[in-house]
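Q: Quick one, fold the following:
(one chain, ligands or ions: 1)
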Amino acid sequence: MTPGIRPLIAGNWKMNGTSDSLGELQAIAAGFADASGNEADGLICVPATLLDRAAKAMAGSPVASGGQDCHAKESGAHTGDISAAMLKDCGASHVIVGHSERRADHGESDAVVAAKAKAAWQAGLVAVICIGETREERVSGKTLSVLSTQIAGSVPAEATAANTVVAYEPVWAIGTGLIPTLPDVEEAHAHIRAELKRLIGAEADGVRILYGGSMKPDNAGELLSINNVDGGLIGGASLKAKDFLAIANAVKGK
Ligand SMILES: O=C[C@H](O)COP(=O)(O)O
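A: This is a model prediction of the structure:
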C-alpha cells in the first residue's frame, strides 16, 4: 500500500449475476466496514442489468456501485451500448474502462480507452483504467514497456487522484490462479507510479493503483502489503460475499 492513500477493494462481476445475486451484494454491503476495519473503500462493478438494484441494495454502505464499460459518446445511434451518464443515472460512481477482456473481445485500443475515461469523467464517474501485459509480453521481457505504452495511450493527461484509479492486471493472471512474483508486482506498480508522475506530475502521488488477477483470500495479504498496491480489482473472488469480505479483511493494519 502507499502511505496516505486509502485502499480500494473493488469487485468486477463480469458477465455474472442476476436478481438471485442481490443477497450477496447485501451481505457485502453489510459486512464491509467490519471486515475492513473501516480502513478501505469498497466497490462492486456489476453487469449493467443489475446496476440500479445493486446501488439500492448497497445504499448507505461503504461499498459503491460501478459499471464495467461505457461508450465514449454521450448518446446516439449505438445499439446495445451504454453511456457513462446512463450508468450514473442508475447509481454508479465508477466505471471500469479498458479491461483486457474488452480490449481482446471488442478490439478496444488505448485511444478508445482514453476516450471512454474522458466520457466517464464528463458524466461525473471515476474511471478505473485497466492495463497489463500478456504472457508473451511478460516472457519476452516487455512488461514495463507495454505498461508505459498503455499508460501514455489510455490515461488522459487530465487524470487526477479523484477521477482516476489505475488497475494493473497481468492478462495471464486473470482467472488462472497464477500471480506474478511479489517482486514483479512491486516492480510493475512502482513503474506505473513513475509513469503516471511523468504524465500528470505530483497528482500521481494520490492515484490508487490496484492489483488484479487471481487475487484471493489466501494471497490478498501479501499482495496488499506491497508498496504502491493500493487495493485490488477482484473477479472470481468478488462473487461471494464470504471471499470478498475475507479480502477486505486483509487490508487491516497494513
Ligand atoms: O477485473 C478483474 C480481473 O480480471 C481479475 O479477475 P480474477 O480475479 O477472476 O482473476
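
Q: for the ligand, what are the nearby residues on the stretch 101-250 of the chain?
A: Residues of the stretch 101-250 of the chain found near the ligand (C-beta under 6 Å from any ligand atom) are 169, 174-175, 212-215, 233-237. For glycine as for every other residue, the C-beta is placed from the backbone atoms N, C-alpha and C.

Q: which residue does the stretch 151-254 of the chain bring closest to the ligand?
A: residue 235 (2.3 Å; C-beta to the nearest ligand atom).

Q: Let me know whether that residue touches residue 212 as I believe.
A: Yes - using C-beta atoms under 8 Å, residue 235 is in contact with residue 212, at 7.2 Å.

Q: Of those two, which one has the most company?
A: The neighbour comparison of residue 235 against residue 212 (other C-beta atoms under 10 Å) goes to residue 212, with 25 against 22.

Q: quick one, strands of the stretch 51-200 of the chain?
A: 63-67, 94-97, 126-131, 164-168 (DSSP state E, counting those that start in this stretch).

Q: now the helix or strand encompassing residue 29, how far from the centre of its chain.
A: If you go by DSSP states H and E, residue 29 is part of helix 22-36. In terms of C-alpha atoms, centre = their mean, to the nearest Å, the centre of helix 22-36 is found 18 Å from the chain centre.

Q: Mind listing what's buried along that helix?
A: 22, 24-25, 27-33, 35-36 (16 or more other C-beta atoms under 10 Å).

Q: Which neighbouring elements make contact with that helix?
A: Contact analysis of helix 22-36 by 3 or more C-beta pairs under 8 Å, 6 or more residues apart in numbering; DSSP states H and E lists strand 8-12, strand 41-45, helix 48-57, strand 63-67, helix 241-249 as its packing neighbours.

Q: give the contact list for the residue nearest to residue 113 when sequence neighbours are not counted.
A: Distances taken as C-beta to C-beta, 6 or more residues apart in numbering place residue 98 nearest to residue 113, at 3.5 Å, with adjacent residues excluded. By C-beta atoms under 8 Å, 6 or more residues apart in numbering, residue 98 lies in contact with 108, 110, 113, 116-117, 129-131, 150, 154.
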